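Novice: Take this sequence and fold it.
(one chain, ligands or ions: 2)
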Amino acid sequence: MRPGIIADYHLHSNYSPDSESRIEDIIRVSREKNIEHIIITDHYEIADEHENILNVDEYRKKMEKYSLPVGVELGWNGIKELTVDTTKFDYVLFSHHYIENPVNQTNYKRYLLRLLDIVNRFDGYHALAHLDFPRRYHEYNEPFAKDLFDVIGEILKTLIKNGKSLELNTATMSIYGEPNPSIEILKLYKSLGGRNITIGSDAHELEDIGKGINDGIEILKKLGYNYILVFDIEWKEVRI
Ligand SMILES: [Zn+2]
Ligand SMILES: [Zn+2]
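Specialist: Ligands and ions are numbered 1, 2, ... in the order given. As a prediction, the model looks like this:
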């Protein structure tokens, strides 16, 4: 067991519209919590209802000043024109944030079909964030039903084929006791030969940095995963 936390690769700073954390404070808190690797992944949202506010060049300079890899959470609805040069980032966490109401199995399926369509035609990212994201907004956080696992499998196979990673997002551990994606989806990923996992807390506040990561690692170990990915000039596997 490590004394600290291996990595937190999903963190928001005040470069995101929904966080007020200063980068200096994120670095300080990460050190206090013994987090070995961090990447700040602020929102760059491309969807009709959002106007992107991230100034990429200024943001890159800031990360370079602190010798941090340049990360981004690239939210895309799959429709609006992609105007960002994704090669400007060391870590692109692709997110699909569009959720339809009511949040139920029917709309879970529609979410998955959009996601499958996007991963079949988009290559400019490293990891897919919070695969079963709409579950966060379901009244009882109902898991994705078994009859959706065919399409989930198609998404996972596409990630594997294209050399993309799957993010284990631990923000929901304290809400409903499971990460995004769920344990059942992580089992499916493993059974399909998937092994590229990145991990992140999705902290929008300083106190949430690193939250749930070690519990997420324990889940991975129980499922037979031995490594997660970290970025150190290049991507590499570290033993968990
Ligand atoms: Zn997100
Ligand atoms: Zn996020």
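Novice: what comes up buried for stretch 107-120?
Specialist: Residues of stretch 107-120 classed as buried: Asn107, Tyr108, Lys109, Tyr111, Leu112, Arg114, Leu115, Ile118, Val119 (neighbour count, 16 or more other CB atoms under 10 Å). All C-beta atoms are positioned from the backbone trio N, CA, C, and that covers glycine.
Novice: need the longest helix for this protein.
Specialist: helix 105-121 (DSSP state H).
Novice: Could you give the separation of the next helix or strand after that one from the chain centroid?
Specialist: Counting by DSSP states H and E, the next helix or strand C-terminal to helix 105-121 is strand 127-128. From the chain centre to the centre of strand 127-128 is a distance of 6 Å (CA atoms, centre = their mean, to the nearest Å).
Novice: what lines up beside strand 127-128 in the sheet?
Specialist: Applying DSSP bridges to the sheet, strand 127-128 is found paired with strand 91-95 (parallel), strand 165-169 (parallel).
Novice: Counting neighbours, what do you get for the closest residue to Lys33 other than its chain neighbours?
Specialist: Closest residue to Lys33 apart from its sequence neighbours, by CB to CB, 6 or more residues apart in numbering: Gly210 at 4.7 Å. With neighbours defined by other CB atoms under 10 Å, the count for Gly210 comes to 24.
Novice: got a list of what Gly210 touches?
Specialist: Residues counted as contacts of Gly210 (CB atoms under 8 Å, 6 or more residues apart in numbering) are Ile5, Asp8, Ser30, Lys33, Ile35, Ser201, Ala203.
Novice: give me the element it is part of.
Specialist: With DSSP H and E as criterion, Gly210 is part of no helix or strand.
Novice: swap in Glu154?
Specialist: helix 149-161.
Novice: in this protein, which spans are helices?
Specialist: Using DSSP H, the helices found in the chain span residues 23-32, 56-65, 105-121, 149-161, 173-176, 183-191, 213-222.
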